[in-house]
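Q: Sequence and predicted structure, then a few things I'm wondering about:
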Amino acid sequence: MRLLVITPDYLSHTLPMLTIADSWQRRGHRVVVATGPAMAPLVRSTGMEHMELIMSRGSNAGMLRSTTAQDAEARSLQAFFAATREGMVPTLRYQAEQRATDLLWRPEQVARRVLNIMSDVHPSAVLLDHLAFSAAIGLRAMGVPYGDVVLGHPTALPVGSEIYGMPSAWPPAIGPDAIDLADLRTVNKGVTHAFTHAFNETLRLIEPSADLVDDAFAAHGELVLYSYPGEMHGPIRSARLPRHVFIGSAVRQETADPDTMAWLGKPDRRPLVVVSLGTFLSERVDVLARVAAALRKVDVRVAMAIGDNDPAALGELPGDWLVRPSLAQVTLLEQASVLVTHGGNNSITEALTFGVPMLVMPFSTDQFDGAAAVERHLAGIALDPNSASRPLIAGAVRGLLRNPPPLPGKLGACLRANPGPEVAFEAMSTLPDLHTIIPDPRVRAAIAS
């Protein structure tokens, strides 16, 4: 059997996709991963095959700062970080305006490259990262039934009247202004219309007989795999989803560095607080500095990821803290009592897997839905990253330590007993082997040309 995995050139996407694909590789199946050059060394380190597929103008191999990116990408990152400082609505509006550039980059070129990869690999099954929209055009042109992996909060795949880019829920600490929200809705509706038009135009160009889509953001494969626990998803919305499975989480295998293991091994009975704002948002050194100042007032040991920032920018940090550009997060969460996070779906599901309560400080995209779900299901607390004071942050952490919410521990045991990659493998076995329904590779090559 041959599995083809298609994922953007970003660590936060490639890591969970590789983790899911490992279920195939451990069973002796050939796994080919189509992604950009930044992720090629990681792919090869797993023993999987890499095929180059560039789907965006930028990449992210683990840490990303606007000062190290190039030209247009650097300007885009600077504008994004500036928007996060203004607040959630300006951030979401900026992201909406950039959506075609970020998510539908050179769609015809990418789609035709996917057709060529399909001809070369001749896979039995395909797993597609849902955000690889240009690649999805190629698969739809060929009529390929594929597994559509939603790595973000489930609202990243809109259903019914939902509009992509519009959070369906907000944490109480981050209530939007009604007028601003109405304006944002108008912007996102316009972006959806234009994005869908461009998607369909490319699809029609490659395969005139292919079925067009009503909403490109809501289009999906034959089976949707949500990297999210079903227990955290409301039953009403669950009933409206396409054919799907909640795989729970995709927690990667991790070998921690010796310094981290030595730090964890030191005698210290204080609870461990892990702080990580993800590969992008560690740029917000002002928020990290506020969190650090708050945690200095709490009797805890701290592991903090600070990205490319100078530690001095965070103020005077205790010498016994573990402060690194990036952390062995999975290893640390196995021993953590609280995670302070931006609310990225990988971080939320990893924390839930290890039963760790969260203080979520969301900035963008589906992080608001993720933070709202954490509060709604009693898995933690959400605060506004721009306005939360040091005493408020310290009080939230103390509260989580004194009265740990009930869900993480119960749900963690369930997620550990049912690993997401195994759930994904079993679910994908219900799809037909592509060899039985897709034309000979020579026919594929003719379509691709």
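A: Looks like it arrived, so ask away. Numbers count the residues shown, from 1 in each chain.

Q: Contacts only, for the closest residue to Ile163 other than its chain neighbours.
A: Spatial nearest neighbour of Ile163, excluding adjacent residues (Cβ to Cβ, 6 or more residues apart in numbering): Asn188 at 4.9 Å. All C-beta atoms are positioned from the backbone trio N, CA, C, and that covers glycine. Listed by Cβ atoms under 8 Å, 6 or more residues apart in numbering, the contact partners of Asn188 are Leu92, Ala96, Ile163, Tyr164, Gly165, Met166.

Q: Select the longest helix from this protein.
A: With DSSP state H setting the assignment, residue counts place helix 178-206 as the longest helix in the chain.

Q: roughly how far is that one from the heart of the chain?
A: 21 Å (Cα atoms, centre = their mean, to the nearest Å).

Q: what lines up beside the very next helix or strand once past it in the sheet?
A: Note on helix 178-206: by DSSP states H and E, the next helix or strand toward the C-terminus is strand 223-226. Paired strands of strand 223-226, with direction, are strand 147-150 (parallel), strand 244-246 (parallel) (DSSP bridges).

Q: What pLDDT is listed against Ser449?
A: Ser449 carries a pLDDT score of 55 in this model.

Q: Apologies, that question was intended for Gly58.
A: Confidence score, pLDDT, at Gly58: 66.

Q: so where's this structure shaky on pLDDT?
A: 58-71, 439-449 (pLDDT under 70).

Q: okay if I get the strands paired with strand 223-226 as JSON lines plus distance to Pro158?
A: As requested, the strands paired with strand 223-226 are exported to JSON lines (distance: least, Cβ to Cβ, whole Å):
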{"stretch": "strand 147-150", "distance to Pro158": "11"}
{"stretch": "strand 244-246", "distance to Pro158": "14"}
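
Q: winner for burial among those strands?
A: strand 147-150 (a mean of 25; mean count of other Cβ atoms under 10 Å).

Q: Any chance you could list what contacts that one?
A: Residues contacting strand 147-150 (Cβ under 8 Å, 6+ apart): 16-17, 20, 125-130, 156-157, 220-228, 424, 427-428, 431.

Q: what about the strands in the stretch 201-350 of the chain?
A: 223-226, 244-246, 272-276, 301-305, 322-324, 338-341 (DSSP state E, counting those that start in this stretch).

Q: With distance to Val5 added, can I get these in JSON lines?
A: As requested, these are exported to JSON lines (distance: least, Cβ to Cβ, whole Å):
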{"stretch": "strand 223-226", "distance to Val5": "12"}
{"stretch": "strand 244-246", "distance to Val5": "17"}
{"stretch": "strand 272-276", "distance to Val5": "25"}
{"stretch": "strand 301-305", "distance to Val5": "27"}
{"stretch": "strand 322-324", "distance to Val5": "29"}
{"stretch": "strand 338-341", "distance to Val5": "26"}
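
Q: Deepest-packed of those strands, please.
A: strand 338-341 (a mean of 28).

Q: Can you dump the C-alpha atoms of it in CSV for me?
A: Provided in CSV are the C-alpha atoms of strand 338-341 (Å, rounded to 0.1, in the frame of the first residue of the first chain):
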residue,chain,number,x,y,z
VAL,A,338,-0.6,24.3,33.7
LEU,A,339,0.0,25.3,30.0
VAL,A,340,-0.1,29.0,29.1
THR,A,341,-0.8,29.0,25.4
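
Q: what does that strand rub up against?
A: Contacts for strand 338-341 (Cβ under 8 Å, 6+ apart): 271-278, 291, 300, 333, 347-348, 351, 356-361, 393, 397, 400-401.

Q: same thing but at 6 Å, please
A: With contacts defined as Cβ atoms under 6 Å, 6 or more residues apart in numbering, strand 338-341 is touched by 273-275, 291, 347, 351, 356-360, 397, 400.

Q: and if you look at stretch 15-28?
A: 3, 5, 7, 31, 46, 129, 151, 250, 252, 421-422, 424-425.

Q: between these, which is nearest Asp259?
A: Arg252 (19.5 Å; Cβ to Cβ).

Q: Please identify the helix or strand for the closest residue to the closest one other than its chain neighbours.
A: Of all residues not flanking Arg252 in the chain, Thr19 sits nearest, at 4.6 Å (Cβ to Cβ, 6+ apart). In the assignment (DSSP H and E), Thr19 maps to helix 11-25.

Q: Okay, buried residues for whichever helix or strand comes after that helix please.
A: With elements assigned by DSSP H and E, the helix or strand that comes after helix 11-25 is strand 30-35. By neighbour count, with 16 or more other Cβ atoms under 10 Å as the criterion, the buried positions of strand 30-35 are Val31, Val32, Val33, Ala34, Thr35.

Q: Next: stretch 255-272.
A: For stretch 255-272, using 16+ other Cβ under 10 Å, the buried residues are Ala256, Thr260, Trp263, Leu264, Pro271, Leu272.
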